[in-house]
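Visitor: build the 3D model from these lines:
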Amino acid sequence: MNFLSRLHSLFLPAIGIFLLTSLFPVVHAQQMFDQEFSAAVMVKVNAKKKNNESLIISYINRELRSLGDVRIVEENADWELRISCMSSVYASSVILNVVILTPFDITNDIMFEILPGEYKDLCIEATSNLHYFVDAVVIESSQELRNICEKIVTYFDSNYLNKLRKMHREWQERLRNKSSTKLP
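Guide: Purely as a prediction, here's the structure:
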């Protein structure tokens, strides 16, 4: 093997990886930010009193839907709200423990794109039930469940969804500005 062949065999894969890692995010970002912001949220509730469980699910889902850009889903969620409801030692109040999670998706990792095919399925299977812990909130209140659920959704919206909406708008603007810039 001559020098040029060896040089070619060493640098061609490196150039391919460079192009993949530098161009893929731009193309992916363009597709993602062409659409309006939308969040898929899964709500799971565990309560000793089944009546409380169904009320909490109903109130939370109604509040989330009222945001306008949130879809309630049973699978493939961007966010999960896991809520546990317990009775307080005080008969008139309840305790809600809210855990906010987001799923780990290895297919969004740029390194996943360069994995050999036989390893991709294994990686997906091994990470399919993993989640990132985002936040946890404990609320003890004697207010009605409906009011507590409104506060939970307000907290989730203001601390997470609003930030994503803002980032989404900024990226849309950047991509619009980038695509409108013409080379001389």
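
Visitor: please count neighbours and contacts with C-alpha atoms only from this point.
Guide: Noted.

Visitor: which residues in the protein form strands?
Guide: With strands called from DSSP state E, the chain shows them at 39-47, 70-72, 79-87, 94-103, 131-141.

Visitor: grab the nearest non-local neighbour of the residue nearest the centre of the chain.
Guide: With distances taken as C-alpha atoms, centre = their mean, residue 78 lies nearest the centre of the chain, 3.3 Å away. Leaving aside its sequence neighbours, residue 78 sits nearest to residue 40 (C-alpha to C-alpha, 6 or more residues apart in numbering; 5.1 Å).

Visitor: residue ranges of the helices in this protein, please?
Guide: In the chain, the helices defined using DSSP state H lie at 3-34, 50-66, 110-113, 117-127, 145-156, 162-180.

Visitor: now the strands of the chain as JSON lines including mean neighbour count, distance to residue 156 and mean pLDDT?
Guide: Below are those laid out as JSON lines (neighbours: other C-alpha atoms under 10 Å; distance: least, C-alpha to C-alpha, whole Å; pLDDT from 0 to 100):
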{"stretch": "strand 39-47", "mean neighbour count": "19", "distance to residue 156": "11", "mean pLDDT": "95"}
{"stretch": "strand 70-72", "mean neighbour count": "18", "distance to residue 156": "12", "mean pLDDT": "96"}
{"stretch": "strand 79-87", "mean neighbour count": "20", "distance to residue 156": "9", "mean pLDDT": "93"}
{"stretch": "strand 94-103", "mean neighbour count": "19", "distance to residue 156": "8", "mean pLDDT": "92"}
{"stretch": "strand 131-141", "mean neighbour count": "14", "distance to residue 156": "9", "mean pLDDT": "90"}
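
Visitor: the ones you listed: which one's closest to residue 120?
Guide: The closest of the strands of the chain to residue 120 is strand 94-103. By C-alpha to C-alpha, the value is 17.4 Å.

Visitor: packing partners of that closest one?
Guide: Applying 3 or more C-alpha pairs under 8 Å, 6 or more residues apart in numbering; DSSP states H and E, we find strand 94-103 packed against strand 79-87, strand 131-141.
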